[in-house]
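K.L.:
Take this sequence and fold it.
(2 chains)
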Amino acid sequence: MICDFRPIQNSAFKIQNLFFEKAELQFSNILNQKKNFKFKNMVPSKVNYHRPSNIGEALELMSKFGDECKILAGGHSLIPVMKLRLADPENLIDIAGIADMKKISDNEKSITIGACATHADIARNEAIQKHAPMVAKAAGMIGDVQVRNFGTIGGSIAHADPAADWPAVLLAADANITIKNAGGSRTVDIDQFFKGLFMTAVEEGEILASISIPKTEFNANSTYVKMPQPASRFALVGCAVAVGGGMARVAFNGVCSTPFRDTNVEKAVVGGSSAADAATSVADGMDVMSDHFASAKYRKSMAAVYAKRALGEVM
Amino acid sequence: MTFIGKSIKRVEDKRFITGQGKYTDDIVLPQMTYARFVRSPHAHAEIRSVDISNAEKMPGVVKIFTGADVAEINGVPCGWQVDFINGETMKEPKHPLLVKDKAMHAGDAVAMVIAETYGQAKDAAEMIIVDYNPLPAVTDAKAAMEEGAPQVHPDVPGNLAFDWELGNAKDEVDAAIENAHHVTTLEFINNRVVPNAIEPRSAIGHFDTSNDKYTLYTSTQNPHLVRLLLCAFVLGIPEHKVRVVGPDVGGGFGSKIFHYTEEAMVIWGSNQIKRPIKWTAERSESFLTDAHGRDHRTKAQMAFDKDGKVLALKAHTYANMGAYLSTFAPAVPTYLHGTLLQGLYTTPLIHVHVNAVFTNTNAVDAYRGAGRPEATYLLERLMDTAALEMNMDPAELRFKNFIPKFNGVEEPGYQTQVALQYDSGDYHPVLKRALEMVGYENFRAEQKAALDSGKLLGIGFSTYIEACGIAPSAVVGALGARAGLFESAQVRVQPTGKVSVYSGSHSHGQGHETTFAQIVADRFGIPLEDVDIVHGDSDAVAFGMGTYGSRSLAVGGSAIVKSIDKVIEKGTKIAAHLLEASEEDLEFAEGKWTVKGTDKSVSFGDVSLTSYVPHNYPEGLEPGLDFSSFYDPANFTYPFGAHVAIVEVEKETGKTTLKRFIAVDDVGNVINPMIVDGQIHGGLAQGIGQALCEGTIYDDSGQLVNGSYMDYVMPRADDLPQFEIDRTVTPCPHNPLGVKGAGEAGCIGSTPAVVNAVMDALSPYGIYDVQMPITSEKIWNILNDDSGETEE
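P.N.:
As a prediction, this is how the structure comes out:
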């Protein structure tokens, strides 16, 4: 959370003899040409780089390295902390090249988004735009064009930054998360996924494989709004709402250290309250974050304002 | 053929936008090593020991230097001396190349690790064990002067670097304030900002053992001054054995004027290890060590008579110097701030008092505008606040107080109460034009209608003056500058009539290669592509004072004109010989000398070729067509303008949206309007950024809390409206181009206009003085305040 994004390709990966002077070659092309080499001359500590071609290979590498490895996808969370040497994994397992993990498939009852689908892929997917507009909308609000072209949904939610945009959206969407491990795979309900600040249900040796968004009435009538933190444009307050079929799901990120659904607000909406009335109780009794961008008092008030706005769009 | 006043596309942009710019970090020398500095994580700490034994054994390490190794070397000097009011010399504690016993701010360099690769240097740097004893730190200038505050330098009691005053007798000013009809008083903080040049600082030191010559490549605005300070003050090495090259420079905003310790370390170190050393700052280092801007705490009072005429102004400022005096730091709150407090107004009595204070923070120095934005903020916040308090129209209040028009030729310059004499000025038209562009007649009705429908609209004004092209040298010397402030230029006409110009100015984004070429092509009547501008290399350029203070065109451009005139004068002699006519009968226009009233002529190229192939040549005349000049201006130049901001404040969130921004500037004559527009736009963005989002946050222990782009808020394109800009032209009477300078105007005028607009929007709730940056939460607190007290 402490870094600038854009110089990452140029400076974090100044790989000796590859692009020493000017990073004009495409990053991923270079990486495709050379597997398993040592990084040299770069800002982070030395790291062994691996680029498996399928998820099975990735899981094998993970079991081989144990806790001495990190999964790399879009790199927008991990690389900044590596540049600052707040993380210095021995091994990086780059799953961004695994074709299966990038797919977005439009199924009968749900849309499955591969963990390595980029934010840009999601923003422009027509099925998502139709069946879960808040998902497409949120994807288009993340970072800037470069970030959206490189950053992945799986990487973002596995990192579980409480101010990221995805958590509230996936909570409101009643998403299911598929996690793969050496033994097979398991599915976790989104309500059980976020465990705390930077903590999720993904265990050591596991890879977050895909996210499934059900095609429901509430997802078809959904939106996401955010008050951006002015420097990073992460969410100071982000609110996702999905209302339909007698259901309401209202979720927040940026407000507390863990993204959450506000069931009081949901009940009020289902019970027929107006958007404004339903929003008054947002985050009541919760431990709201405070930092130099927003005090807890202001943040809580803004959560209510943005909830009202979001509900206003769908009610 | 004329190139003056034409928006010619910048010739340098081809290389910049195709990624072919060559910056310091792009330079790779054979046998080059890489440096990483170990920096204090504490704002104030005794250094008990530095253990490099493990680090030295790390792979690739070439050499490690610590404070003990450079203890005998001079520190980097301050380039401007300001004396205490009582006549004592300012306190100028040594700014060592590496600190040995005590770290004075977070980021202070403790050791330099040199290795074969940057990664190795960084790995080894992590192995150095520094035993720190953290001490209490002070980051606020006012707090640093209080009894019992932590002492930054043991030999500077009370942390006072110097105090300074200027203007009329204090008693007289006090009496006028005492007896005035109305007095507006404000206490405010001019927030500290980080310059944020897109190219981080970078330096390569190279000692050539074959000829004992040093070369310093550095991302600087000021190559010759860096060389002078490095040679004469820091290392005591012969100046003719040092070449300083400032290649393409990706922005500076002031922060690259100064001579930094890292430059001296790579040069000194390169002789120690007999290999080149490169250092490039990481962004975090830029935040911690690029000299910051602003950071004034000011109390100011403005006294009015019942008609709104300003009677007196009194100001006191605590100016935060940081831990050391950076190159021009003492000039900023004094001669670039106090001297500007006349503004555009006829205020008859002015007194300003400044305390310049050391704190445990990074050094503060000139940042786009340097002192003048602080002066403008002071004056213009007082003006709009006074208008609200006295229930007068803020535009009308200014018209009442403007200095009457004077052109500096028939009418003399305007002598201020605070030492300066303005060169030329005509202030009513800029504000009139701005009001026209705003549609001010209708605005108040729109504002009222908006309020009735629940919207808070506000308008804010700022009418500013600034002082550019600081000169002449004798005057700035008397004010404490330890350097002259002239400029040099060599115009070399090649045999084929192509022209190379060697300028002591240095572009770090301003477009010198275009603007200067326009002047040369215009005067010689030759195509623009026949002119090449060389700058930034002390081996190529005779001398130079670099680029800052909006001085390049007014001073550097004028030096070029002087050399052009010499070329034409000599060319006329040669042409007269070739045409067998007398010099008086010739006229030079459109690239040729013509015998008046005939079609007999000789071209610029023929004359230049003749000068280098002098077979048929005037007797006694030297061959060649190559002239150097030094230009020392007669005075500063004084651009001015009127800025108007219109904002909407959202009640629910407190969010301020800048709806419109109107800027009417008078920068004198304009050579390239597109470049001037670009300068104004950039300046506005920075000035608006300071008002609405930028600003450092230090915690109690002296840590910079928002030292990254994840936390430090820069203005972005989508925060800004389409700027509406226009100009009036009041030529400078004392330089040959009639130009005044445009680089800082946008940044000087805009900040108070934005803040004033927000305060105007809030006026239905009362009269407020909210400190910058004006965040949504600060405004929301006012709008949601039920205690009846203001937030600040």
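K.L.:
so what are the domain limits for chain B?
P.N.:
B:30-135+B:199-250+B:256-289, B:296-470+B:635-783, B:486-631 (automatic domain parsing).
K.L.:
Now render those as a markdown table, adding mean pLDDT.
P.N.:
What follows is those, written out as a markdown table (pLDDT from 0 to 100):
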| stretch | mean pLDDT |
| --- | --- |
| domain B:30-135+B:199-250+B:256-289 | 97 |
| domain B:296-470+B:635-783 | 96 |
| domain B:486-631 | 96 |
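K.L.:
doesn't B:V82 make contact with B:F328?
P.N.:
No - counting by C-beta atoms under 8 Å, B:F328 stays clear of B:V82, with 10.8 Å between them. C-beta coordinates here come from the backbone N, C-alpha and C atoms, glycine included.
K.L.:
Looking at those two, which has the bigger crowd around it?
P.N.:
Each of B:F328 and B:V82 has its neighbours counted (other C-beta atoms under 10 Å in any protein chain shown); B:F328 has more, 28 against 22.
K.L.:
dump the residue contacts of the more buried one.
P.N.:
Contact analysis of B:F328 by C-beta atoms under 8 Å, 6 or more residues apart in numbering or on different chains lists B:79-80, B:257-258, B:365-366, B:370.
K.L.:
which residues sit in contact with the one residue in the stretch 551-700 of chain B that gets nearest to chain A?
P.N.:
When distances are taken as C-beta to the nearest C-beta, the stretch 551-700 of chain B reaches nearest to chain A at B:E652, 4.9 Å away. The contact partners of B:E652, by C-beta under 8 Å, 6+ apart, come to A:V305.
K.L.:
Just say helix, strand or coil for it.
P.N.:
Here B:E652 takes the coil state, with states given by DSSP: H, G, I helix; E, B strand; the rest coil.
K.L.:
Does B:W268 touch B:L97 like I think?
P.N.:
Yes - at 7.2 Å, B:W268 and B:L97 qualify as touching, with contact defined as C-beta under 8 Å.
K.L.:
so what sits against both of those two?
P.N.:
Both B:W268 and B:L97 are in contact with B:70, B:73, where contact means C-beta under 8 Å, 6+ apart.
K.L.:
who has more neighbours, these two?
P.N.:
Neighbour count, other C-beta under 10 Å: between B:W268 and B:L97, B:L97 has more, with 27 against 23.
K.L.:
For the more buried one, give its distance to B:K278.
P.N.:
Distance of B:L97 to B:K278, computed by C-beta to C-beta, to the nearest Å: 17 Å.
K.L.:
Does B:Q703 touch B:A43 like I think?
P.N.:
Yes - in this structure, B:Q703 is within contact of B:A43 by C-beta under 8 Å, at 6.5 Å.
K.L.:
sorry, back to before: nearest to A:R148, of the domains of chain B?
P.N.:
domain B:296-470+B:635-783 (15.4 Å; C-beta to C-beta).
K.L.:
Any idea how far apart the tips of the closest one sit?
P.N.:
Separation of the first and last residues of domain B:296-470+B:635-783 by C-alpha to C-alpha, to the nearest Å is 27 Å.
K.L.:
Please apply the same query to stretch B:117-134.
P.N.:
With C-alpha to C-alpha, one end of stretch B:117-134 sits 32 Å from the other.
K.L.:
Can you mark which positions in it are buried?
P.N.:
In terms of neighbour count (16 or more other C-beta atoms under 10 Å in any protein chain shown), stretch B:117-134 has its buried residues at B:117-128, B:130, B:132.
K.L.:
tell me which of those is nearest to B:S558?
P.N.:
Closest to B:S558, out of all of those and judged by C-beta to C-beta, is B:Y118, at 42.7 Å.
K.L.:
Without its sequence neighbours, what residue ends up closest to the closest one?
P.N.:
Among residues not flanking B:Y118 along the chain, B:Y34 sits closest, at 4.0 Å (C-beta to C-beta, 6 or more residues apart in numbering or on different chains).
K.L.:
looking at it, the one you found is touching B:I114, isn't it?
P.N.:
Yes - judged on C-beta under 8 Å, B:Y34 makes contact with B:I114 at a distance of 7.1 Å.
K.L.:
The two: which is more packed in?
P.N.:
B:I114 (27 against 23).
K.L.:
what sits against the more buried one?
P.N.:
With contacts defined as C-beta under 8 Å, 6+ apart, the neighbours of B:I114 are B:33-35, B:61-65, B:121, B:269, B:273, B:277.
K.L.:
show me where pLDDT drops low in the stretch 1-150 of chain A?
P.N.:
A:1-42 (pLDDT under 70).
K.L.:
again, 90 this time
P.N.:
Low-confidence segments of the stretch 1-150 of chain A (pLDDT under 90): A:1-47, A:67, A:76-88.
K.L.:
where along it do the helices fall?
P.N.:
For the stretch 1-150 of chain A, the helices defined by DSSP state H, counting those that start in this stretch occupy A:27-33, A:55-65, A:78-83, A:119-123, A:126-131, A:133-141, A:145-150.
K.L.:
Tell me which other helices or strands the fifth one touches.
P.N.:
The elements that helix A:126-131 packs onto, with contact taken as 3 or more C-beta pairs under 8 Å, 6 or more residues apart in numbering or on different chains; DSSP states H and E, are strand A:104-106, strand A:110-114, helix A:133-141, helix A:217-220.
K.L.:
Could you rerun that using 7 Å?
P.N.:
Packing partners of helix A:126-131 (3 or more C-beta pairs under 7 Å, 6 or more residues apart in numbering or on different chains; DSSP states H and E): strand A:110-114, helix A:133-141.
K.L.:
what's the neighbour count on A:P214?
P.N.:
By the measure other C-beta under 10 Å, the count of residues near A:P214 is 16.
K.L.:
Could you list the domains of chain A?
P.N.:
According to automatic domain parsing, the ranges for chain A are A:8-94, A:102-216, A:218-314.
K.L.:
How far away from the center of its chain is the helix or strand hosting B:K142?
P.N.:
For B:K142, the element it lies in under DSSP states H and E is helix B:141-144. Counting by C-alpha atoms, centre = their mean, to the nearest Å, helix B:141-144 is centred 25 Å from the centre of its parent chain.
K.L.:
Surely B:S210 is within a strand?
P.N.:
No - B:S210 is assigned coil when assessed by three-state DSSP, not a strand.
K.L.:
Name the nearest residue to residue 89, ignoring sequence neighbours.
P.N.:
You didn't pick a chain, so chain A it is. Per C-beta to C-beta, 6+ apart, closest to A:P89 is A:K70, 4.0 Å.
K.L.:
meant chain B, my bad for not saying
P.N.:
The nearest residue in space to B:T89 (C-beta to C-beta, 6+ apart) is B:D83, at 5.7 Å.
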